[in-house]
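**Student:** got a predicted model here, sequence first, then my questions.
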Amino acid sequence: MTERLCTWDPHNRGECGMPTDAYINLYKRWGEGEIGAIILGNIPVHRDHLEAPGNPVIDKNNTWDAVAAFSLAVAGAKAHGMLCIGQLTHPGRQSPDIVCQQPVSASETKTPDGIMGLNFKPARALTEDEIMDVIDRWAFAAEVLYKAGADGAQLHAAHGYLLSQFLSPLVNKRTDKWGGSFENRSRLIFEIIKAIRTRVPDDKFIISIKINSQDFIDGGFSSEECAVMVEKLEAAKVDLIELSGGTYESLTLAFEHQKESTRRREGFFVEFADKIRPHITKSILCVTGGFRNAEPMADAILQNTCGIIGLARPLCAEPDLPAKMLSGKSHGANVNVLDSPLQTPAAILQIHAIAESRPIPDLSKKDVADDVTAQITGKKKPYHPASAEYPPM
Ligand SMILES: Cc1cc2nc3c(=O)[nH]c(=O)nc-3n(C[C@H](O)[C@H](O)[C@H](O)COP(=O)(O)O)c2cc1C
């Protein structure tokens, strides 16, 4: 999950994205929670193209020592035997105007204004040279993670960011080898995977991808294409495939239950995972979104729907939830009483509380949820301004 805890100076991009004590402390706390594999929240590979103020950044043009800076967070996450993977991203057209005046994408396009209170400048199409630069940036950042002690790198190819924009026939209107056919639209992802393997020639370094099971937009990346994509990713020796869904334009559809059958099984994308699972023999499948209780999580594993259960919002409320569940002290996450769209910005407030060793707002309590709602909706000054102003993905 995006943390928004690193340095941010709009007038000096070279000094942005440095891990702070709070960022390092957050991963130390999660490292104590028996989470299994901890994925560092999205790390942009270009300092001019952020997802939000306060993002960590690994940019090949920065002069500070990113290996040393990130190694502290990685060490904290791994201190009790967990794996640590860094999620690398480029937001493309989904970089809001508070951080980016000249966004880029696969083609000329624009993210509609007003989504989650954010506005966006029109994006121009990347040139072929710039696409090669993007590939190089991903490989550079993966190497930094490797040298910092991380167990792997995850490509963020979900939720409508740059790699997801390339995959989408709606956004990617290119007529060169990076657009058109499915093979061309997915080329950037496979070139990045190849470049990372060349730069980090260690088979133990995990390559992971987070990908949409579908965009939930007519004409966007479909579940049929995702099924083909997953087989291609396995063939490219991707170790861990995390399934999610949606873009900024369809988030509410993706992050809520669409069917009664999946509500019972909790995981939003379990039915899709069931369909593709038989075709996947080597890559590990992770399903993220919706899981809250031990029983449906165990069922998903025992029924071979996936090999890993991904958790996000529950870990903001209870950073040691897996430890409590594994020891039998808890059978599931505390129930969050906030409406779904408010849960994400509220989770940021909780992340900041964990990072700064303050009490975590307990969103299972109505009075606390009301207070947090007042902070998010601007009726009350937020404890940390970045927490509420920039809803995350
Ligand atoms: C505060 C917050 C920040 C998030 N940031 C990211 C991110 O940086 N990268 C990403 O892939 N997903 C991000 N997500 C999405 C989650 O990883 C996850 O896919 C989604 O919340 C559904 O899982 P859940 O139901 O367990 O919360 C974020 C979610 C939240 C709540």
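**Tutor:** In hand now; what should we look at?
**Student:** for the stretch 101-250 of the chain, which residues are neighbours of the ligand?
**Tutor:** By C-beta under 6 Å from any ligand atom, the part of the stretch 101-250 of the chain that sits against the ligand consists of 156, 158-159, 210, 244. Where C-beta positions appear, they are placed from N, C-alpha and C, glycine not excepted.
**Student:** cutoff 5 Å now
**Tutor:** 210, 244 (C-beta under 5 Å from any ligand atom).
**Student:** can you give me the strands for the stretch 101-250 of the chain?
**Tutor:** For the stretch 101-250 of the chain, the strands defined by DSSP state E, counting those that start in this stretch occupy 104-105, 124-125, 152-157, 206-212, 240-244.
**Student:** ok, the second one: who's next to it in the sheet?
**Tutor:** If I follow you right, that is strand 124-125. strand 104-105 (parallel) (DSSP bridges).
**Student:** next: the last one.
**Tutor:** Taking DSSP bridges as the criterion, strand 240-244 sits next to strand 206-212 (parallel), strand 284-288 (parallel) in its sheet.
**Student:** could the strands of the stretch 101-250 of the chain go into JSON lines alongside mean neighbour count?
**Tutor:** Listed next are those as JSON lines, based on neighbours: other C-beta atoms under 10 Å:
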{"stretch": "strand 104-105", "mean neighbour count": "27"}
{"stretch": "strand 124-125", "mean neighbour count": "16"}
{"stretch": "strand 152-157", "mean neighbour count": "27"}
{"stretch": "strand 206-212", "mean neighbour count": "24"}
{"stretch": "strand 240-244", "mean neighbour count": "25"}
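**Student:** turn the ones you listed into JSON lines, including mean pLDDT.
**Tutor:** Formatted as JSON lines, these follow (pLDDT from 0 to 100):
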{"stretch": "strand 104-105", "mean pLDDT": "98"}
{"stretch": "strand 124-125", "mean pLDDT": "98"}
{"stretch": "strand 152-157", "mean pLDDT": "98"}
{"stretch": "strand 206-212", "mean pLDDT": "98"}
{"stretch": "strand 240-244", "mean pLDDT": "97"}
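**Student:** can you redo these as a markdown table with distance to G17?
**Tutor:** Formatted as a markdown table, the strands of the stretch 101-250 of the chain follow (distance: least, C-beta to C-beta, whole Å):
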| stretch | distance to G17 |
| --- | --- |
| strand 104-105 | 18 |
| strand 124-125 | 23 |
| strand 152-157 | 15 |
| strand 206-212 | 20 |
| strand 240-244 | 23 |
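**Student:** right, and the ones you listed - which one's nearest W64?
**Tutor:** strand 152-157 (19.7 Å; C-beta to C-beta).
**Student:** got the angle between the closest one and strand 206-212?
**Tutor:** Here the directions of strand 152-157 and strand 206-212 differ by 20 degrees (axes from the mean of the first three to the mean of the last three C-alpha atoms, to 10 degrees).
**Student:** same for strand 152-157, what does it pack against?
**Tutor:** In terms of contacts (3 or more C-beta pairs under 8 Å, 6 or more residues apart in numbering; DSSP states H and E), strand 152-157 is packed against strand 83-89, helix 128-147, helix 162-167, helix 187-199, strand 206-212, strand 240-244.
**Student:** other SSEs contacting the fourth one?
**Tutor:** Right, helix 187-199. In terms of contacts (3+ C-beta pairs under 8 Å, 6+ apart), helix 187-199 is packed against helix 128-147, strand 152-157, helix 162-167, strand 206-212.
**Student:** go with 6 Å
**Tutor:** If you count contacts as 3 or more C-beta pairs under 6 Å, 6 or more residues apart in numbering; DSSP states H and E, helix 187-199 packs onto helix 128-147.
**Student:** quick one: contacts for the closest residue to the ligand within the stretch 151-300 of the chain?
**Tutor:** Scanning the stretch 151-300 of the chain for proximity to the ligand using C-beta to the nearest ligand atom identifies G289 as nearest, at 3.6 Å. When contacts are counted by C-beta atoms under 6 Å, 6 or more residues apart in numbering, G289 touches 244, 268.
**Student:** let's see it at 7 Å
**Tutor:** Neighbouring residues of G289 by C-beta atoms under 7 Å, 6 or more residues apart in numbering: 244, 255, 267-269.
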